[in-house]
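*Asks:* I need the structure of the sequence given here:
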Amino acid sequence: MSEEPESTESRPLDVGAEALRGLAHPLRARILDQLQLHGPATATILGERLGESSGSTSYHLRQLARFGFVEADPGHTGKRDRWWRVRSGGWRLSGTELRRDPATREAAEIVLDRYYGGRGERLDRWRALVEERPDDPKVRRWRRAAQDSVSHARMTPEEAEEFADELQDFIRARTGRFRGRTAQSHPDTEAVELQTDLFPDLVEKDTEPDER
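*Replies:* Residues are numbered from 1 along each chain as shown. The predicted model follows:
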């Protein structure tokens, strides 16, 4: 699992056991969603959006900063209220290993279930809009831009890992041009999500133990 990095200057943060448990808090996940979708914000702004007190969002923002998920927004230095943004470079965690470790299994299940569930929900929401409101001007504008494709290739695990790293480097470089945009600075834009999955198509016979 990885969140898309937004800068070529910072590499993704490797999420450890302590940070994983910090990320498992539901309000912190909602705060991260808001920062990813709408850009930098203060604790007061986030509190109003989420129906929470600014004291509560401020505390959880500090905890997210402690674990490396958010950072002070350099575009709002000198302001009376502190502005926060998602960490430049994003983060990544090894879900398989963290799920197998008894010390991190519960937190990993919470974080990963929310992560994959959220991905599916957002994609389903877009598909539903296309079906239910095809004549909506905003839906019509985005319908041709939205993409849904599948590619196949034969690779070794090592080649697949190298390919995935190169793909992430490409995405990081190409999305860098859009860094710092907000709904206020670019009102003609929308938050765009790119989902990528790379996995082997293993069939049952491929994973059966060798009985010879």
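
*Asks:* for the chain, what's the longest helix?
*Replies:* The longest helix of the chain (DSSP state H) is helix 105-132.

*Asks:* would you mind writing the CA trace of the helix or strand that it is followed by as CSV?
*Replies:* Remark: after helix 105-132, the chain's next helix or strand is helix 137-143, criterion DSSP states H and E. In CSV, the C-alpha atoms belonging to helix 137-143 read as follows (Å, rounded to 0.1, in the frame of the first residue of the first chain):
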residue,chain,number,x,y,z
PRO,A,137,-22.2,19.5,-17.1
LYS,A,138,-19.5,18.5,-14.6
VAL,A,139,-20.0,14.8,-15.2
ARG,A,140,-20.0,15.3,-19.0
ARG,A,141,-16.8,17.4,-18.8
TRP,A,142,-14.9,14.6,-16.9
ARG,A,143,-16.4,11.6,-18.5
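
*Asks:* against which helices or strands is the host helix or strand of Thr57 packed?
*Replies:* In the assignment (DSSP H and E), Thr57 maps to helix 54-67. The contact analysis (3 or more CB pairs under 8 Å, 6 or more residues apart in numbering; DSSP states H and E) places helix 54-67 against helix 17-23, helix 26-38, helix 43-50, strand 70-72, strand 83-86. Where C-beta positions appear, they are placed from N, C-alpha and C, glycine not excepted.

*Asks:* rewinding a little: now the longest helix of the chain against helix 26-38, angle please.
*Replies:* 40 degrees (axes from the mean of the first three to the mean of the last three CA atoms, to 10 degrees).

*Asks:* for helix 105-132, buried residues please.
*Replies:* Using 16 or more other CB atoms under 10 Å as the test for burial, helix 105-132 gives 107-108, 110-112, 114-115.

*Asks:* gap between that helix and the chain center?
*Replies:* 11 Å (CA atoms, centre = their mean, to the nearest Å).

*Asks:* if I look at Ala107, how far off is Leu20?
*Replies:* 5 Å (CB to CB, to the nearest Å).

*Asks:* actually Arg100, not the one I typed
*Replies:* Taken as CB to CB, the span from Arg100 to Leu20 is 13 Å.

*Asks:* what pLDDT does the closest residue in space to Ser53 that isn't next to it in sequence get?
*Replies:* Distances taken as CB to CB, 6 or more residues apart in numbering place Gly47 nearest to Ser53, at 5.7 Å, with adjacent residues excluded. Note for Gly47: predicted pLDDT of 96.

*Asks:* quick one, what contacts Gln147?
*Replies:* By CB atoms under 8 Å, 6 or more residues apart in numbering, the contact set of Gln147 is empty.

*Asks:* in three-state terms, label it for me.
*Replies:* coil (DSSP: H, G, I helix; E, B strand; the rest coil).

*Asks:* for it, give me phi and psi.
*Replies:* phi -130, psi 150 (degrees, to the nearest 10).

*Asks:* neighbours around His38, how many?
*Replies:* Applying other CB atoms under 10 Å, we find 15 residues neighbouring His38.
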